[in-house]
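*Asks:* Any chance you can model this:
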Amino acid sequence: MNRNFKDYSLLILKGMGMGAADVVPGVSGGTIAFIVGIYQELLDSIKSINKNSLKLLFTGKLLEFWKAINGSFLLSIVGGIGISVFSLAKIITWLLATYPILVWAFFFGLVLSSIYFVSKDVKQWNWKTILSYILGIVAAYFITVTTPAETPDNLFFVFICGAIAICAMILPGISGSFILVLLGKYFYIMEAVKTLNIPVMLVFMCGAVLGITSFSRLLSFSLRRFHDTTIAVLAGFMLGSLNKVWPWKETIETYIDSHGAIKPLIEKNILPNQFLWEAIGLMLVGFFLVYFLEKLSMKGNKA
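*Replies:* Down below sits the predicted model:
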């Protein structure tokens, strides 16, 4: 696909949107990729990093390797994600700690709108797609109510966390950051990003590379062979994950992390008790932001 400077600038912005979502435990970068129309190309590009393309790299055929993996596309997306992660890590964690209801309200609206647009991609609803949709809801809900674990800080476990979390990051509906919360490593990884802890970041990224190159093949195969069923599962995942992004929560149990900070361990959803109208307003902003991105993506695809 031939792209110009404007196209690559737009891809960087889309990558930044994915990165911003991936920083938040509860919102998936895969959801953003799906909304802005780059999901299938992203999977195909990641999948193309295989023994054949790597052979080109190791034999010095750099240009052929770059074309084989759709390198300019991947570089734009990864660059955008990196910009967001490194620039927003401090801001997002501060906002989540200071204004949790308002932040979650915005993302609740974003995910709610995303469910509608992803579900529209199912061409035919039948018993298979409906069953897949329900299974997706149940699986995502079960994940969101699982209690976060206390886990070790050694580099091997960080590697495993990277491999697992990246799979969720490319799934619409399940957030890789939330998987890190369940694995007890969200704040640990965010702290590594904020303080530029290079060993931890490198090990985590190595795990992520292994995880994403393996999982993308399975997901891409499923989308091509079982499109409607796979999309139904992904839409169900998104609906089931709304339990996690409900803005009003009550902390039942806390824990002290490795830095001595008190963090919520177990929370339950409650009825709105404060910032009701502000939250509704931000939900609408999130909802119509997705609508705008969807229309922008459709316009871009037609062009």
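
*Asks:* Which helix or strand contains the closest residue to S132 other than its chain neighbours?
*Replies:* Distances taken as C-beta to C-beta, 6 or more residues apart in numbering put A232 closest to S132, at 4.1 Å, once the chain neighbours are dropped. Using the backbone N, CA and C atoms, a C-beta is placed for each residue, glycine as well. Using DSSP states H and E, A232 sits in helix 227-240.

*Asks:* residues near S119, how many?
*Replies:* S119 has 18 neighbours, counted by other C-beta atoms under 10 Å.

*Asks:* residue contacts, it?
*Replies:* 231-232, 235 (C-beta atoms under 8 Å, 6 or more residues apart in numbering).

*Asks:* could the residues you listed go into CSV alongside neighbour count and pLDDT?
*Replies:* Below are those laid out as CSV (neighbours: other C-beta atoms under 10 Å; pLDDT from 0 to 100):
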residue, neighbour count, pLDDT
I231, 24, 85
A232, 26, 89
A235, 27, 84
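
*Asks:* How about the contacts made by W246?
*Replies:* 104, 108, 269.

*Asks:* Most neighbours among those, which one?
*Replies:* Within the contacts of W246, most neighbours by other C-beta under 10 Å means W104, with 24 neighbours.

*Asks:* Quick check: that residue touching L242?
*Replies:* No: using C-beta atoms under 8 Å, W104 is not in contact with L242; the gap is 10.5 Å.

*Asks:* Could you give me the buried positions within stretch 189-202?
*Replies:* Within stretch 189-202, the residues that count as buried by 16 or more other C-beta atoms under 10 Å are 189-193, 200-201.

*Asks:* Ok, stretch 7-22 next?
*Replies:* For stretch 7-22, by 16+ other C-beta under 10 Å, it's 7-8, 10-12, 14-22.

*Asks:* now stretch 112-121
*Replies:* Applying 16+ other C-beta under 10 Å to stretch 112-121 flags 112-115, 117-119 as buried.

*Asks:* follow-up on the earlier one: report all helices and strands that the helix holding A232 contacts.
*Replies:* For helix 227-240, the packing partners by 3 or more C-beta pairs under 8 Å, 6 or more residues apart in numbering; DSSP states H and E come out as helix 100-119, helix 127-144, helix 198-225.

*Asks:* and if we set it to 7 Å?
*Replies:* helix 100-119, helix 127-144 (3 or more C-beta pairs under 7 Å, 6 or more residues apart in numbering; DSSP states H and E).

*Asks:* from the chain's centre, how far out does stretch 230-246 sit?
*Replies:* Computed by C-alpha atoms, centre = their mean, to the nearest Å, the separation of stretch 230-246 from the middle of its chain amounts to 12 Å.

*Asks:* Dump that stretch to PDB, restricted to CA.
*Replies:* Provided in PDB are the C-alpha atoms of stretch 230-246 (Å, rounded to 0.1, in the frame of the first residue of the first chain):
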ATOM      1  CA  THR A 230     -14.500 -14.200  16.200                       C
ATOM      2  CA  ILE A 231     -15.900 -10.600  16.000                       C
ATOM      3  CA  ALA A 232     -18.900 -11.800  18.100                       C
ATOM      4  CA  VAL A 233     -16.500 -13.100  20.800                       C
ATOM      5  CA  LEU A 234     -14.500  -9.800  20.700                       C
ATOM      6  CA  ALA A 235     -17.700  -7.800  21.000                       C
ATOM      7  CA  GLY A 236     -18.700 -10.000  23.900                       C
ATOM      8  CA  PHE A 237     -15.400  -9.400  25.600                       C
ATOM      9  CA  MET A 238     -15.900  -5.700  25.300                       C
ATOM     10  CA  LEU A 239     -19.400  -5.900  26.900                       C
ATOM     11  CA  GLY A 240     -18.200  -8.100  29.700                       C
ATOM     12  CA  SER A 241     -15.300  -5.800  30.400                       C
ATOM     13  CA  LEU A 242     -17.700  -2.900  31.200                       C
ATOM     14  CA  ASN A 243     -17.800  -4.300  34.700                       C
ATOM     15  CA  LYS A 244     -14.200  -3.200  35.100                       C
ATOM     16  CA  VAL A 245     -14.700   0.400  33.800                       C
ATOM     17  CA  TRP A 246     -17.800   1.200  35.800                       C
END
